[in-house]
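Student: A predicted structure for the sequence below; I have some questions about it.
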Amino acid sequence: MPFFKYDRTKWPLVKVTLNGNIESDEDFNVFLHTWNNLYLHNQNFTLLFDARKFGMISIKYAIKMTFFIKKIKKNDPQFLSKSLILLNGRWLRFLVSFMFSIEKPVAPVYVYYTDNNDEKDVYYYHEKILSSPEIFSRFYPKQLNDL
């Protein structure tokens, strides 16, 4: 069973649930390929990652993700409008910061750190981006960061 599940039922909001561990490079490549295929819709979309049940991920995959980010930055037009990442645990917090220190994101990324008891849906936090942006750690693409 893959570590990810993409839910496009509320397009242009795409919920991505990350669960357990990445078992192989092939598994990770399928995850990236599925993400890349979202661009085939030729419409803006938002990624909502729920990583609260994601396992202990190797730093190798954070590095591979930076190469993927660099690759999708070349997409023109760029349809990814923003991302939200829900997570808990210090290791995932470190990996997210590490990734975006190496490669700035394609679009604004809002990160919310939860505790293990938080059961609010990722869509709840998506609504909070507009009403309470201060509760999120934020990472911006280079051009927005340098203004």
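Tutor: That came through, no problem.
Student: residues in contact with stretch 9-17: which ones?
Tutor: 4-8, 35, 38, 41, 43-50, 53, 81, 122-123, 126 (C-beta atoms under 8 Å, 6 or more residues apart in numbering). (C-beta placed from N, C-alpha, C; glycine too.)
Student: let's see that with 10 Å instead.
Tutor: 3-8, 31, 34-35, 38, 41, 43-54, 79-81, 83-86, 121-123, 126 (C-beta atoms under 10 Å, 6 or more residues apart in numbering).
Student: can you pull out the helices in this protein?
Tutor: According to DSSP state H, the chain carries its helices in the segments 25-37, 59-72, 90-102, 122-131, 142-145.
Student: ok, which of those helices comes nearest Tyr112?
Tutor: Among the helices of the chain, the nearest to Tyr112 by C-beta to C-beta is helix 122-131 (5.4 Å).
Student: the closest one - what's its average pLDDT?
Tutor: Across helix 122-131, the average pLDDT comes to 95.
Student: check which helices and strands it sits against.
Tutor: On a contact count with 3 or more C-beta pairs under 10 Å, 6 or more residues apart in numbering; DSSP states H and E, helix 122-131 meets strand 4-10, strand 13-20, strand 45-54, strand 80-87, strand 109-113.
Student: how big is the angle separating it from strand 109-113?
Tutor: 120 degrees (axes from the mean of the first three to the mean of the last three C-alpha atoms, to 10 degrees).
Student: buried residues in helix 122-131?
Tutor: By neighbour count on 16 or more other C-beta atoms under 10 Å, the buried set for helix 122-131 is 122, 125-126, 128-129.
Student: got it, and stretch 22-40?
Tutor: For stretch 22-40, by 16+ other C-beta under 10 Å, it's 22, 28, 31-32, 35, 38.
Student: using a markdown table, lay out the residues you listed together with distance to Arg138.
Tutor: Shown next, in a markdown table, are the buried residues of stretch 22-40 (distance: C-beta to C-beta, whole Å):
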| residue | distance to Arg138 |
| --- | --- |
| Ile22 | 26 |
| Phe28 | 26 |
| Phe31 | 24 |
| Leu32 | 24 |
| Trp35 | 21 |
| Leu38 | 22 |
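Student: all set, thanks.
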